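S.K.: Sequence plus predicted model, see below.
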There are 2 protein chains.
Amino acid sequence: MKKVKRTTIYDIAAKLGITASSVSRALNNSNQVNEKTKELIIKTADELNYKRNILASNLRKGHSKTIGVVVPRINQNFFANVIAGIEEATYQKGYNLIICQSGELHDKEIQCVNTLINQDVDCIVISVSADGNDYQHLQNVIDHGIQLIQFDRVAEELETLKVINDNEQASYEAVSHLIESGYKRIALLEGPQNLSIFKQRKVGYLRALKDYNIPVIDELIVENAWTKELGAEGTRKLLTLPQPPDAIFASTSDFSALGVLEVANDMKIKVPAELGVCGYANESFSEITSPSITTIDQFSVYMGNTVANLYFQEKGNTDTTAKPKIISIKPELIIRGSTARNAKV
Amino acid sequence: MKKVKRTTIYDIAAKLGITASSVSRALNNSNQVNEKTKELIIKTADELNYKRNILASNLRKGHSKTIGVVVPRINQNFFANVIAGIEEATYQKGYNLIICQSGELHDKEIQCVNTLINQDVDCIVISVSADGNDYQHLQNVIDHGIQLIQFDRVAEELETLKVINDNEQASYEAVSHLIESGYKRIALLEGPQNLSIFKQRKVGYLRALKDYNIPVIDELIVENAWTKELGAEGTRKLLTLPQPPDAIFASTSDFSALGVLEVANDMKIKVPAELGVCGYANESFSEITSPSITTIDQFSVYMGNTVANLYFQEKGNTDTTAKPKIISIKPELIIRGSTARNAKV
DNA sequence: AAAATTTACGCAATCGATTGCAATTTCAAA
DNA sequence: TTTGAAATTGCAATCGATTGCGTAAATTTT
């Protein structure tokens, strides 16, 4: 590769017999520079194929017009959508995105965050990994004066900007729907309780049962069932119980719900007639399984937009006394085949 | 927000009564510094929560350690996987990724590329959008001395590094499989022919027919059927033909194959007994439809790894006379239910 | 113990752009 | 013709890390 010496503002200055200061000002369209010289400078810059060195510029200015994003996995539908949403909104404003994935590993997450701090990003957007619940690294972001925005999976104890789903309400509605469809023994596949989203979904589940005067049965609550495999495993246990459930709310994900469907199918248990199934996240496949899966849509792309706009809105807001904003997006229950049993009283 | 002044190597130097040079050398693990002082410096750096300012470092060293990625959509399984793969491989080397999406729009793609050039990225990785076939902006990348790597959807006429799938071979194998499974009238749902990947898949289809002495029937080839909706539309036409096909190769995507399944289902045509269906890309849903879809896996995450490693390998390769490398990854045919008909001769 | 090497560290320039402050020029008002 | 204010431009420091060159200190060799 040919390494052509790149032209700098000094080259332009030298050619025109002026100083770099003026060139810099001209190229930043400052009004502190004579219109005619400005034009000349811009023309010359163009002739010399000048490209501003953003590294130097950012170093001097102390910001980077860059937003760092840390998610557990880029290639997971929900996160990919949120990132797409963030990109949409930030691109227009001339911001760039640096993307990192933590792989659900707390240590890697810390590394990612530190990398981003090093990079002098203006803002870090994060959805924390399931592993670990120590948030020193996030406090560190704040201490470095970098705006921190958490979304979806948030560390509640940290006072930062947050964009979340109303998980409890969504969960409440899902379970209510199951009850009103006539299901009576409703099991819950729950996720790691150190993530608040899963805690909230459990709360919604419990609240719905209570409101409908349905007793909570501990053996119907299965811990840590948040992958397809773990969901299947949990389902197998549930369905071989002396008194098996007649509905399963896979509150962790549609993947888990998929595991439920497979086990039910293996055991010749009919969905939705004998078993109601509800998932979470409205993954693209959830509408094409048979039966299709009742689930909850989180408006993930919109969530990404919201995160980005929240950043722009808060930027320059110097009021340090104000409580950090928390935006809650109301998810939507999508009723499909897997719960399509007529209510019987 | 309480903004803590960032600690620099000067702070460390001052605290220890030495110069920044030594600190820098120690932190870069140079052997020009005494082992004991080195340890002390590293310990102190840690205590002061020192983070190297990468902007300054890169400015001095003359590169950005950043790779720009442009894809049509971030939230499309294949691309999300490739990006994840690139991230995996580049993260370890301390490189960052800047991600942009062109939204399949040629103009936005040009904008993205220019932004990345301005950002001083060391390398631009791109999969071109379906819209437009003018590649001046890519030539521009090369002219700026930035490494350009194309993947999957490539502009063939540009001599750059490329990582592609052997689309023709994969397509050939898929069609051969259909033929050997006993299907005789095989239709093709093809994608926009300005993208070489779709052209190659068509070539593979034609070659397979030829090798098995099956005549090519023009009315069985449907143009531009690369979404679920377009796939369904094409299928409806095909299946109402006087002599309908007994198999459909949705060479564009599994989404398109999904459209085929839906129409077949509507028309009470049994898959795979009466109609064989094969998709492309091994989307996650393809194994859970009923019947599951025979498709082609592109090893997308691995493709991302390959792209990244190709960059690192070529970096510093000063031999300008060498032809740019093209790495072809062999996709794998995944046989599932939608083509599970026993061969009859 | 003196001479010859090594080793360790400091000095100062450099990467390129930005910006506060000072100096100069311009132009109009007194 | 002076004076004063405004418009331009220059000077030099700064952002933080890196590195070639030089020298003092430590170590080895004779």
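M.R.: Nice, I can see it.

S.K.: Identify the residues contacting stretch A:156-166?
M.R.: A:135, A:138-139, A:142, A:147-152, A:154, A:196-197, A:298, A:303, A:306-307, A:310-311, A:314, A:323-331 (Cβ atoms under 8 Å, 6 or more residues apart in numbering or on different chains). For the C-beta atoms, the positions are set from N, CA and C on the backbone; glycine is no exception.

S.K.: Alpha carbons only: can I get that stretch in CSV?
M.R.: Provided in CSV are the C-alpha atoms of stretch A:156-166 (Å, rounded to 0.1, in the frame of the first residue of the first chain):
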residue,chain,number,x,y,z
GLU,A,156,-31.2,-0.6,39.2
GLU,A,157,-29.0,0.6,42.0
LEU,A,158,-27.1,2.9,39.7
GLU,A,159,-28.6,6.2,39.1
THR,A,160,-28.2,6.7,35.4
LEU,A,161,-30.4,7.3,32.4
LYS,A,162,-32.4,4.2,31.6
VAL,A,163,-34.6,3.0,28.9
ILE,A,164,-36.5,0.0,29.9
ASN,A,165,-39.5,-2.0,29.1
ASP,A,166,-42.3,-2.2,31.6
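
S.K.: Now do the buried residues in it.
M.R.: A:158, A:160, A:161, A:162, A:163, A:164, A:165 (16 or more other Cβ atoms under 10 Å in any protein chain shown).

S.K.: Okay, and the closest residue to chain B within the stretch 1-150 of chain A sits in which element?
M.R.: Of all residues in the stretch 1-150 of chain A, residue A:145 sits closest to chain B, at 3.5 Å by Cβ to the nearest Cβ. If you go by DSSP states H and E, residue A:145 is not part of any helix or strand.

S.K.: picking that back up, closest one of the buried residues of stretch A:156-166 to DNA strand D?
M.R.: Nearest to DNA strand D among the buried residues of stretch A:156-166, counting by Cβ to the nearest atom of the strand, is residue A:160 at 23.3 Å.

S.K.: mind listing which of the contacts of stretch A:156-166 are in strands?
M.R.: Mapping the contacts of stretch A:156-166 onto strands (DSSP state E) picks out A:147, A:148, A:149, A:150, A:151, A:326, A:327, A:328, A:329.

S.K.: Show the buried residues in these.
M.R.: Using 16+ other Cβ under 10 Å as the burial test, the ones in strands among the contacts of stretch A:156-166 include A:147, A:148, A:149, A:150, A:151, A:329 as buried.

S.K.: Now the residue lying closest to the fifth one once chain neighbours are set aside: phi and psi?
M.R.: In other words, residue A:151. Distances taken as Cβ to Cβ, 6 or more residues apart in numbering or on different chains place residue A:163 nearest to residue A:151, at 4.4 Å, with adjacent residues excluded. Per-residue torsions, residue A:163: phi -130, psi 110 (degrees, to the nearest 10).

S.K.: Can you get me the start-to-end distance on stretch A:61-77?
M.R.: Taking Cα to Cα, to the nearest Å, stretch A:61-77 runs 36 Å from one end to the other.

S.K.: How about the secondary structure of residue A:255?
M.R.: Assigned with DSSP: H, G, I helix; E, B strand; the rest coil, residue A:255 falls in the helix class.

S.K.: From residue A:239, how far off is the closest residue in space to it that isn't next to it in sequence?
M.R.: Nearest-residue entry for residue A:255: residue A:228, 4.4 Å, with adjacent residues in sequence omitted and distances by Cβ to Cβ, 6+ apart. Distance, residue A:228 to residue A:239, by Cβ to Cβ, to the nearest Å: 16 Å.

S.K.: now the strands: where do they sit in the stretch 1-150 of chain A?
M.R.: A:66-71, A:96-101, A:123-126, A:147-151 (DSSP state E, counting those that start in this stretch).
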